[in-house]
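*Asks:* Quick one, what's the 3D model for this:
(one chain, ligands or ions: 1)
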Amino acid sequence: MAVIMDGKVAAQQADQEFAMRIQKLKQQNIIPGLAVILIGDDAASQVYVRNKARRARKIGINYQLHRLDRGITQEAVLQLITQLNQDTQVDGIMVQMPVPKQIDANAVMNAILPQKDVDGFSFANIGRLWGNAAGNFPATPRGVLRLLRDYHITIEGQQAVVVGRSDIVGKPMAGLLLKNNSTVTIAHSKTQNLAQVTQQADLLIVAIGQAEFITADFVKPGAAVVDVGMNHNAAGKLVGDVDFKSVKQIAGYLTPVPGGVGPMTITGLLEQVIVLAEQRATL
Ligand SMILES: Nc1nc(=O)c2c([nH]1)NC[C@@H]1CN(c3ccc(C(=O)N[C@@H](CCC(=O)O)C(=O)O)cc3)C=[N+]21
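*Replies:* Numbers count the residues shown, from 1 in each chain. The predicted structure follows:
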């Protein structure tokens, strides 16, 4: 039976560490500032943004939410970003995805100053990740790595398979695993003999958006399996991309959904904001 990697507990521990780091910053009169832009009324986004706000405020981040109407123009969004770019109290800016059709997500993300782009979604930060420079990197992969480290799972030299190639999870996850000296494979919906590929994985990271797709026959015995998926099944229950019940029997480590990667994604975001404020403190 797999050890269940508890993202809620790991996130609480991280929050204690973060609160202490923020105390130190406050002694230097610096309060980490995070501005979140939420466009429209996507139901899942409301939940995530609420969770972010609660955690950010609890540890002492100056959190501001900018709610914009779903019909807002791109120009107005860009104008707000310009204003936040210039605001010296704001360390990090993020635009919650997805955005409505009339908004060009790339244009919006690239309008954020690279040093304030907490999500690391801008081309500047993508280049920094793959070009081995310091930069801001996406929250979910950062949170996943922290969770693996908390459970003392070896990353260096291991076979890592990332299933999914999205710009916000799959690709940056692969980049960070490579930075940490894993041997990395990216598999996706067009991969042939997927199970044969995933069975090689010591670390299996799944982010495909298909409810309970990865069953025990995809998993190497003893592997660490990280489920980034968030889907609602036929019964309306929140489930991951991994079939928890069967994979639990064969994996060495496994994350639940909810209570796994979700809370650690917020941890990854909060840590990035604090790092940016710490950089401001040394300026
Ligand atoms: N610009 C941008 N940056 C993001 O980081 C970003 C985004 N857009 N869009 C959507 C994804 C998803 N995401 C989550 C945040 C919190 C939970 C979370 O709190 N999950 C809890 C509760 C889940 C629930 O109850 O629905 C859990 O898994 O236990 C999940 C997912 C951030 N994302």
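
*Asks:* what ranges do the helices span in the stretch 1-150 of the chain?
*Replies:* 7-27, 43-59, 74-86, 105-111, 123-130, 139-150 (DSSP state H, counting those that start in this stretch).

*Asks:* and these as a markdown table, adding distance to A211?
*Replies:* Quick note: C-beta positions are derived from backbone N, CA and C, even for glycine. Shown next, in a markdown table, are these (distance: least, C-beta to C-beta, whole Å):
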| stretch | distance to A211 |
| --- | --- |
| helix 7-27 | 19 |
| helix 43-59 | 14 |
| helix 74-86 | 32 |
| helix 105-111 | 25 |
| helix 123-130 | 29 |
| helix 139-150 | 18 |
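
*Asks:* Tell me which of those helices is the most buried.
*Replies:* helix 139-150 (a mean of 24; mean count of other C-beta atoms under 10 Å).

*Asks:* residue boundaries of the strands in the chain?
*Replies:* 3-4, 33-39, 62-68, 92-95, 159-163, 183-187, 203-206, 224-227, 231-232, 238-239, 253-254 (DSSP state E).

*Asks:* now the fifth one against strand 183-187, angle please.
*Replies:* Pointing back at strand 159-163 there. 20 degrees (axes from the mean of the first three to the mean of the last three C-alpha atoms, to 10 degrees).

*Asks:* what's strand 159-163 packed up against?
*Replies:* Counting contacts by 3 or more C-beta pairs under 8 Å, 6 or more residues apart in numbering; DSSP states H and E, strand 159-163 is packed against helix 170-179, strand 183-187, helix 194-198, strand 203-206.

*Asks:* Would you mind listing the buried residues in stretch 150-169?
*Replies:* By neighbour count on 16 or more other C-beta atoms under 10 Å, the buried set for stretch 150-169 is 150-151, 153, 155, 158, 160-166, 168-169.

*Asks:* State the pLDDT value of L283.
*Replies:* Listed pLDDT for L283 reads 83.

*Asks:* Relative to G33, how far out is it?
*Replies:* 14 Å (C-beta to C-beta, to the nearest Å).

*Asks:* quick one: contacts for I30?
*Replies:* 277, 280-281 (C-beta atoms under 8 Å, 6 or more residues apart in numbering).

*Asks:* hang on, N110 packs against N125?
*Replies:* No. Counting by C-beta atoms under 8 Å, N110 sits too far from N125 to count as a contact (9.9 Å).

*Asks:* Give me the neighbour count for N233.
*Replies:* 10 (other C-beta atoms under 10 Å).

*Asks:* out of the buried residues of stretch 150-169, who's nearest V90?
*Replies:* Closest to V90 out of the buried residues of stretch 150-169 is I168 (21.6 Å), distances taken as C-beta to C-beta.

*Asks:* Relative to V247, how far out is that closest one?
*Replies:* 24 Å.

*Asks:* Near the closest residue to the ligand within the stretch 151-283 of the chain, how many other residues are there?
*Replies:* Closest approach between the stretch 151-283 of the chain and the ligand, counting by C-beta to the nearest ligand atom: G262, at 2.1 Å. G262 has 24 neighbours, counted by other C-beta under 10 Å.

*Asks:* Enumerate every residue touching it.
*Replies:* By C-beta under 8 Å, 6+ apart, the residues touching G262 are 7, 48, 51, 230.

*Asks:* mind redoing it with 10 Å?
*Replies:* Counting by C-beta atoms under 10 Å, 6 or more residues apart in numbering, G262 makes contact with 7-8, 11, 47-48, 51, 140, 143, 228, 230, 238, 240, 255-256.

*Asks:* L84 too?
*Replies:* L84 sits in contact with 33, 35, 37, 64, 66, 90, 92-93, 111-113, 116, where contact means C-beta under 10 Å, 6+ apart.

*Asks:* Relative to N181, which of those residues is nearest.
*Replies:* Nearest to N181 among the contacts of L84, with distances taken as C-beta to C-beta, is G92, at 28.0 Å.

*Asks:* Show the pLDDT at the closest one.
*Replies:* G92 is given a pLDDT of 98.
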